[in-house]
Structures are given as structure tokens and as C-alpha cells.
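Trainee: Next input, structure requested:
(chains A, B and C)
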Amino acid sequence: MTRSALPTLTLAELARRLGARLVGDAERPVRGLATLREAGPDQVAFLANRAYLKELPDTRAAAVLLHPQHGEACPVDRLELDNPYLGYAAASRLFDPLAGREPAGIHPSAVVDPSATLGERVEVGANAVIEAGVSVGDDVVIGPGSVVGADTVIGDGTRLHANVTLYHAVVIGARCILHSGCVIGADGFGFAHDGSRWHKIAQLGGVVLGDDVEVGSGSSIDRGALGDTLIGDDVKIDSQVQIAHNVQVGDHSALAGCVGIAGSTQVGRHCLLGGGVGLAGHLTICDGVQVTGMSLVTNSIHEPGVYSSGTGAMANAQWRKNAVRFKQLDDIAKRLARLEKGRDA
Amino acid sequence: MTRSALPTLTLAELARRLGARLVGDAERPVRGLATLREAGPDQVAFLANRAYLKELPDTRAAAVLLHPQHGEACPVDRLELDNPYLGYAAASRLFDPLAGREPAGIHPSAVVDPSATLGERVEVGANAVIEAGVSVGDDVVIGPGSVVGADTVIGDGTRLHANVTLYHAVVIGARCILHSGCVIGADGFGFAHDGSRWHKIAQLGGVVLGDDVEVGSGSSIDRGALGDTLIGDDVKIDSQVQIAHNVQVGDHSALAGCVGIAGSTQVGRHCLLGGGVGLAGHLTICDGVQVTGMSLVTNSIHEPGVYSSGTGAMANAQWRKNAVRFKQLDDIAKRLARLEKGRDA
Amino acid sequence: MTRSALPTLTLAELARRLGARLVGDAERPVRGLATLREAGPDQVAFLANRAYLKELPDTRAAAVLLHPQHGEACPVDRLELDNPYLGYAAASRLFDPLAGREPAGIHPSAVVDPSATLGERVEVGANAVIEAGVSVGDDVVIGPGSVVGADTVIGDGTRLHANVTLYHAVVIGARCILHSGCVIGADGFGFAHDGSRWHKIAQLGGVVLGDDVEVGSGSSIDRGALGDTLIGDDVKIDSQVQIAHNVQVGDHSALAGCVGIAGSTQVGRHCLLGGGVGLAGHLTICDGVQVTGMSLVTNSIHEPGVYSSGTGAMANAQWRKNAVRFKQLDDIAKRLARLEKGRDA
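Mentor: As a prediction, the model looks like this:
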């Protein structure tokens, strides 16, 4: 992206769009965001975390987004908001060079089945494939190389980046963002065993994504065995995540990278799953649960709060000794109880 | 998928195909499967797990697949089988709307090298690519956007969904199902270190998949360094799985989502690896081993049975205290031994 | 790959190219590598690990790459080098049937934007897509179905296998190898929460890969929020790896399969991360750190060395007892301290 291609705004315009109070030069043009430390004189910085307060005095930014309480300490122009991190988020979207792009229409190399219905201002990238019966809303972008299976429905304003795969009869809400390599609607992992071999269970359900869902690169959301796999509104899913058949994830939950959720588990609303967390199948996780990175959850959770498992990393020589003792732990506990009994006797 | 598009069968026909005993209206038409709770009057339900027995009296299904011992309790028509779960699996395939589809032939946008040989009734999707020397059996489906590398062999009846990638000189058996985003035959992770930097070891082996193998979305099976990576018959591999070079997986084993197997490890027949399980390299895992979710296996296993590692999730405040103690565990054990010695003295 | 297509060399030529001392028939033709056990009379084997010394006497190889100290024990012709494993690596590249392939040019089905600039001897595969402003160096191969986003830069000699996705404004160094299904430059996982829902933070940074980087199949490297995600020279990344926004990985480090690194963490040079390792966000890992498989690192590491976490797998019946005790560990430690105090009193 050449620097010159970045959107340019005046500070007054930026303040207006962010709902911020400007203290400084209204006409000053800015065209990008950066950290306090790295911002140049045509860029805006932000202060959303006290840890970076020490970098404020030396910033060379054109202006800083910050809370009014730090206004006095700011050596340059400033934009005051109650929630500077939200302000940064809003500003990042204003300066996104991809945001204002005109839709490029249907690329001649794309293969769109004549029975598919496309809304207004839809873009379909080179070598993308849209199968029969697909319904695409307005302002949708289908990236190059993406494949949309038969009878799938895509809501208004949703964007599929390049090389996304949607299977047949999947429902994607409005304003979703699906990153490259993600696969939605592949068969859930269902087999019946006859004592000697596996028999496939056809996965007859679908997947329904709510509105404002984001799915990271290379993530998988499998279709249901009978009913649907359900992802609520405003659910954010990072890269390399695996969501098995008939899982339900409640509105506003966020799943960090490499999370795996086994079949039929229900995750509540406003949950946060750290990177690499694993949830066993058929669990119920209530609203407001946070699970720290790489924890394994094998039982349902009925109280909001923070949950963890595992052991933190330590030097290998120390770890080896302790890990061996873990295998003796039940024995250690019994021996301790015997000693206690002896003392009390 | 519109409801009307689902296959319709009479109960008599369904009983015949499942080898079940029908007690009820032979002419009744049914056109789909659902759970006991959700089935409507044109759908078939099943009872394969006693936990759902309480839902049997209230089902509105047209008929229920169940074991003869529960026949009397069934309020609607019934199909009796000794293994209702196997019956459900078979019925799911009968009602699969994709199952009876006619092959669509070679899409004009597909790029098929003239030296490739294709069997009868092969379907090649839009923008798929088949390179030189490829051999494709009868009744194979190559999904849109999939790429089949030079000299690769695909057995009869195998299906590649959209955007699958097979490298060169890979061998895929008959009746396999490869889901979108999976990659078979990429280079194994092999490098020699000269003390300061890495030198690539060309991965000259291949990958051989047996018959009836399923590979989930986004999974990777790497090619061997010299010999081949070998996946046996009837092996079922879920999504987001990583199988490194020269691994061998025995017939009928099943690997759940996010499993990782390091190089040259041999997994036996009829093994079950839970979600997120990691196997270190150069191990031998005997037949009939089951490893529970997210366990790490760093030693070979020579006895069939169930194996586990890790610690289950608990409230973070409790976990923090215990995790700190884990780092003192060897010390705790030694102190306990000293106390015991003192008592015995 | 038919056997006859493999490159053929004389032992003299092979010795010359490897810098090895040949003891044997200079004119003998060889055309492939294999293990000591499996090599046939037209293949070269190698001995790089004492564990295989017992297989040397029975080898049927044409010649063996080995250290001079084992020369006498070799029953066939031999190529002596100080580092036979490096010799094997070099030989593997000489015998790689893909190595000497002539570039096939731009496939007519590829979609290359007229504003893209391509170097000499560039190959673009079938149905690949190269967007506006892309710059591709000399001797680059873009595999079939791969998509290169606008303004991305690819250095000389780099190879993208099939179905790779590069987002816009990503920089890839020289001689990199990117495997199928990997995605470089997707949005980092950045959202601001307003107390009830998420607001997307546009990811305005990029990704920069150094020279000689390899990225495995299905791996993700996300673009930075503001600055770039940085991967150093000679970094080797296996399959199914997730690297979050603004991570930095130092030169010559190697990341095994299924590793996950959370945002803004800095990994030093010459680090080795075992399979499935997770690094929390905002950490600093110094040079020369090795982390064993499936360990979770939640604190910065300032000393080179080997680090581990977790517990090794054991029989489930034994594990269940010990895992329960883990949840009592703090209590156990306190009771032990009380006993010790009682004894000393």
C-alpha cells in the first residue's frame, strides 16, 4: 500500500466522526494511525492504556486520541474521548485503505450459476465460484478463488476474502468477515462403529452464522448432524479454530486462535476463550465465562468467572522432576493423610 | 436445501434398506431424519442412547429406529434393529440430498492436463486444476477450486470437496472423502542445521491413503522424507489435524479435531485420539489405544487402554495456587519422605 | 513420479557436488536416496545417527554418505563427509525431481492484473490470481489457485505452492517456500469492546517475511494492527501454525506444527518451539530458547535453555486419581507445612 493512497482527513473532520473534542488545529490534515512512539507528523496516535503514558511526552504525532484526564500532559494536538480505545477502533476503520473501495463487479473469470441471485453492488473476484441457488445480499464481496456452495445464503455487507469455502445450504448473516482459508459447513465428524469398522453418518444439518461475525484464516465450522451449528451475533473467531457439529456459541463471545470445541457443546454469551482452549463435547458453558489459554474443559461450567487448567512453563530440568511427581500425586496425598492420622493418634 | 428436495421413502422401503423390522404403516412416506424431540410427522427419529429414552413418549416422528427392547414404549410406528445407531447412520445416507446427485461432468473452466486419465462418470468442478499424469478412477468428484498435483492417483468413488489441494505423486484410495482446505502431500518439516542456519531436506517420499479414509477441513498430511506417510484403510481424520512426515496410522483409527502427530510416529489399528492430542515423534502406539483430549504422549505405548495427561479446568483463583505448588512438587515429595523417615525413626 | 524420471548422477559427480571424499566406483550411476535398510543398488543411503549403525553392514545401497570414522565398516562404496546429515540434505535437493523443472510460464487461465510487474522466468499456475500493483521477482513460482493480493511483493526464487493466499501489501523475501493453504496477511484479531459489543479495529499494518523462510500447509500469519508482523530470515514454520498480529520471530528460529503465538510476542533468534507450543501475548522470549511440545508459556523468558510445562500421558485410571489431587495441591502443601511445623515444635 503506497503511503499516498491512505485516506486523508482534517483533525476537525476526524473529531466529528469520532465524536471527540478537538483541542488543536482544525484544518490539520492527517492520514494514518500509529503508536505514540512511531507516529509521524501526519499521523494520529492514541493513549488507551496507562502503560504507554510515559511515551506521551515524546510523541511526534499530529494529534493523540486520549481521555480528557490526560489532556494536559499531551504535547501535541489532541482528540479527547471517554473511551480512547473505542476511538482508536473507529479511527482505524476511517483510515483503512480498503474501506472506501468501489466494488469491482463480477470478474469475467468468476463462475456464477445462473440460478444464483445477487444483490446490489456485489463484487465477485477472479476465479470465484458461486453454485446454484445461492442468494447473496447487497454490498457483498466474494474474494478471488472463493467457492460458495449450492443454496447458501449470504447477508448484506458480508465479505469473503480470497479462497474461502462455504459448503451448500449454509446461512451467513449480515456484515460478517470471513478470512482466507476458512471453511464453513464441512461435514461434522460423525461415524457409527459396527465393532470392526466405521459407517459414515451423513451430516444433514447446516451452519447458521449471525450478523457481525468474523471468522479467522484457516478456521473450520462444521455443519450439524441433524440440526444446525449455530454461531450468534457479534461472535469473533480467530484463526485456526475448530468448531465441531452442533456447537452453539452465544452472542458477543470471542474465541482466540487454535480453540477447539467438540460436538454439541453450548457456549454462552459474552464468553472469552483464550488461545488453544479445548472444550469437550456435550458441555454447557454459561454466559460470561472466561477460559485462559490452552486450558482443557471437560465439565460444564455454571458460574461466570475465569477458569484455567494446566501448568505454566518452567526450566525443563525442574519440570522433569515435578512432572514425575505428578504421577505419584495420589500416593503423596495418601501418605500425607497417613502421617496426619499418626500425629493425631 | 429446500425441504421439498429431500429424498422421500416409504417406511416399508426404509425398513427393507436398513434391514429393520417395521411395526406400522408400510406405505407411510417419510423424507428426513431428526431427533426424537424435533422430528415432525414426515420424519424418522432414532433412539440409540438410553439418555434419550425419556423423550420417546412425546415424539411426533412418523417412526422411530430403535432396539426391539424399547418397541413397546414407542408411541408411533417403529423400525426395530439390533444396532439403532448403525441404523441411523445408514438412514442418514439414504436421506442425504447430495447422495443421489448425477455427476455434472467436467466444468468448462476446469483445467485438466491432456495427459491426465479420468475414469467413468467423473465430475470436475469449476476452476479445478488437474495436472499432468494424474490418474482419476470412476465416480470421482473433484470439487471447484481443488488442485490435483502431477502424477497423483485417486481411487474410485473418492470425493474431493472444494478447494482441496493434493500435491504431486500422492496416492488416494477408493471411496475417500477429502474436505475443503485439506492439504495432502506438502513437504514434511525437515532441515539440517549447520551450526548457524538451516538447510532444506527435500521431501522425496509421498503420501498413501487407504480406502474409505475421510480427512476433515483444513487438515494437513505431509509427504515423507524418503519413504511414504501411510494412512490405513477406514481411518477417519477430523478437521485441523496435522500429520507429519513418515507417520503411519493403522486401519480403522479415528483422530479428532486439532490432533498433531510428529514425524515417524506409528499409530496402531483401532486407535482413538481425542481432540487436540499431541504425539511426539518416533513413537510406537500399539493397536487399541485411546488417548483423551489434549493429552501429550511423549513415550511409546505398548498396552491397549485409555491414556491421559494434563489437569482439568478449575476456577482460576484456585488454579493459580495449585499451579504454583506444581512447581514445588518435587520438593513437596522429598519433604514428605523426610517426615515419614522421621516418624519411622 | 515414475522412477525413471528421477535425476541420475555418477558417484564422482555426487561427491563433487557434496564436497565429499569418494571411496569407490566413480562412474557408478545413482538416482535416488533411501534409508540404509531400504536403499536399492541404484540408490544412495546415509548414516547420520549412531542408532542406525547396526543397519550399515546389510545395506544394499550403491553407496553410503557417512563420517570418515565409519568408513571401514561400510560394505559398499562410500562418500565421506564431516557432517553426513548436511550431506544428506544437499543430496536430497540434488535428487529432487522438482528441482530442475523448467518454469512453465503464465498459464492462460491465470488472472494477472496488468499493473503487476513480473520478473524473469516467472511461472504462474492455472487459475492463480495476481492483483493490482503486485511485484514478483525473478524465478518465482506461483502455484495453481494461489491468490496474491494488491501491492504485495515477492522476492526472487520464492515458491508459492497451490492454493496459497497472500493478502494485500505483504512482503515476502527471496527463496521462501509457502505451502498450500497457508494464509499470510489476514486481519489480526483486534476488537474494542464498548461494554456490550465488539468494534473492529482495522488491521493497518502488514506482514514482512525475510529470506529463506518456509511456511507449512494451512498455517496463518496475521497482519499487524499498526506496525508489521515480522518473520526473520531463515525462519522455518511447520503446518497448522498460528502467528498473531505484531509478533516478531527472530532469524533461524523453527516452529513445529500447531504452534500458536499470541499478539505482539517477540521470539528471539535460534529458538525452537516444539509441536503445539503456545506463547501468550506481549512476551519476550530471548535468543536460544527451546520449548518442548505442547508447553504453555505465559511469562517472558530471559535465559536461553529448555523449557516445558504440562504432564506426560499415563494410564487414565492412574491419571484420574492424580488429576483430582492436583486440585488439592495447595491444600496438600499447606498440610505438609503444618506437619513439619508440628515435628519441629
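
Trainee: Any idea how far the lowest-mean-pLDDT helix or strand in chain A is from the middle of the chain?
Mentor: Sorting the helices and strands of chain A by mean pLDDT, DSSP states H and E puts helix A:329-344 at the bottom, at a mean of 87. Relative to its chain's centre, helix A:329-344 lies at 48 Å (C-alpha atoms, centre = their mean, to the nearest Å).

Trainee: Could you pull out the buried residues of that helix?
Mentor: A:329-333, A:335-336, A:339 (16 or more other C-beta atoms under 10 Å in any protein chain shown). Any C-beta I mention is one placed from the backbone N, CA and C, and that applies to glycine too.

Trainee: can you tell if it touches chain B?
Mentor: Yes. Residues of helix A:329-344 are located near chain B by C-beta under 8 Å from any C-beta of the partner chain, namely A:329, A:332, A:335-336, A:339, A:342.

Trainee: A:L65 and chain B, how far apart?
Mentor: With distances taken as C-beta to the nearest C-beta, to the nearest Å, A:L65 is found 32 Å from chain B.

Trainee: list the contacts for the closest residue to that residue other than its chain neighbours?
Mentor: The shortest distance from A:L65 to any residue other than its chain neighbours is 4.0 Å, reached at A:F46 (C-beta to C-beta, 6 or more residues apart in numbering or on different chains). Residues counted as contacts of A:F46 (C-beta atoms under 8 Å, 6 or more residues apart in numbering or on different chains) are A:33, A:36, A:64-66, A:84-85, A:87-88, A:91.

Trainee: does A:G149 really touch A:V164, like I thought?
Mentor: No. Assessed by C-beta atoms under 8 Å, A:G149 is found out of contact with A:V164, at 11.2 Å.

Trainee: Of these two, give the one with the bigger neighbour count.
Mentor: Per other C-beta atoms under 10 Å in any protein chain shown, whichever of A:G149 and A:V164 has more neighbours is A:V164, with 28 against 25.

Trainee: Next, the residue nearest to A:L65: phi, psi?
Mentor: Backbone torsions of A:F46, given as degrees, to the nearest 10, read phi -150, psi 150.

Trainee: gap between it and C:H193?
Mentor: Distance, A:F46 to C:H193, using C-beta to C-beta, to the nearest Å: 16 Å.

Trainee: and A:E303, that's in a helix?
Mentor: No. Going by DSSP: H, G, I helix; E, B strand; the rest coil, the assignment for A:E303 is coil, not a helix.

Trainee: count of neighbours near it?
Mentor: By other C-beta under 10 Å, the residues close to A:E303 number 9.

Trainee: same deal with A:V324?
Mentor: Neighbour count of A:V324, defined by other C-beta under 10 Å: 14.

Trainee: That one looks like it's in a helix, true?
Mentor: Yes. Counting by three-state DSSP, A:V324 is found in a helix.

Trainee: Identify the residue spatially nearest to it, adjacent ones excluded.
Mentor: B:D330 (7.5 Å).

Trainee: quick one: contacts for that neighbour?
Mentor: A:318, A:321-322, A:324-325.

Trainee: Just give me the closest of those residues to C:G24.
Mentor: A:V324 (49.2 Å; C-beta to C-beta).

Trainee: how is chain A carved up into domains?
Mentor: For chain A, automatic domain parsing gives the domain ranges A:3-94, A:316-345.

Trainee: To B:L6, which of the ones you listed lies closest?
Mentor: Each of the domains of chain A was scored for nearness to B:L6 using C-beta to C-beta, and the closest is domain A:3-94 (43.1 Å).

Trainee: Give me the subset of the contacts of A:F46 lying in strands.
Mentor: Among the contacts of A:F46, the members found in strands (DSSP state E) are A:64-66.

Trainee: what residue ranges in chain A score low on pLDDT?
Mentor: A:1-5, A:344-345 (pLDDT under 70).

Trainee: all helices for it, in order.
Mentor: Taking DSSP state H, the helices of chain A run over residues A:11-18, A:84-94, A:316-326, A:329-344.

Trainee: and those as a markdown table, adding distance to A:G119?
Mentor: Shown next, in a markdown table, are the helices of chain A (distance: least, C-beta to C-beta, whole Å):
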| stretch | distance to A:G119 |
| --- | --- |
| helix A:11-18 | 27 |
| helix A:84-94 | 22 |
| helix A:316-326 | 57 |
| helix A:329-344 | 60 |
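
Trainee: residue contacts, A:S146?
Mentor: Neighbours of A:S146 in contact, by C-beta under 8 Å, 6+ apart: A:125, A:128-129, A:160-166.

Trainee: In strands, which of those fall?
Mentor: Per DSSP E, these map to strands at A:129, A:160, A:165-166.

Trainee: which among the contacts of B:D330 gets closest to A:V76?
Mentor: The closest of the contacts of B:D330 to A:V76 turns out to be A:Q318 (C-beta to C-beta; 48.9 Å).

Trainee: could you check the distance from the closest one over to chain B?
Mentor: 7 Å.

Trainee: Repeat that for A:I184.
Mentor: As for A:I184, its distance to chain B is 9 Å (criterion: C-beta to the nearest C-beta).

Trainee: same deal with A:A280?
Mentor: For A:A280, the distance to chain B - C-beta to the nearest C-beta - is 6 Å.

Trainee: Identify the residues contacting the nearest residue to that residue once chain neighbours are set aside.
Mentor: Take A:A280 and drop its neighbours on the chain: the residue closest to it by C-beta to C-beta, 6+ apart is A:T298, 4.6 Å away. When contacts are counted by C-beta under 8 Å, 6+ apart, A:T298 touches A:280, A:283, B:293, B:312-313.
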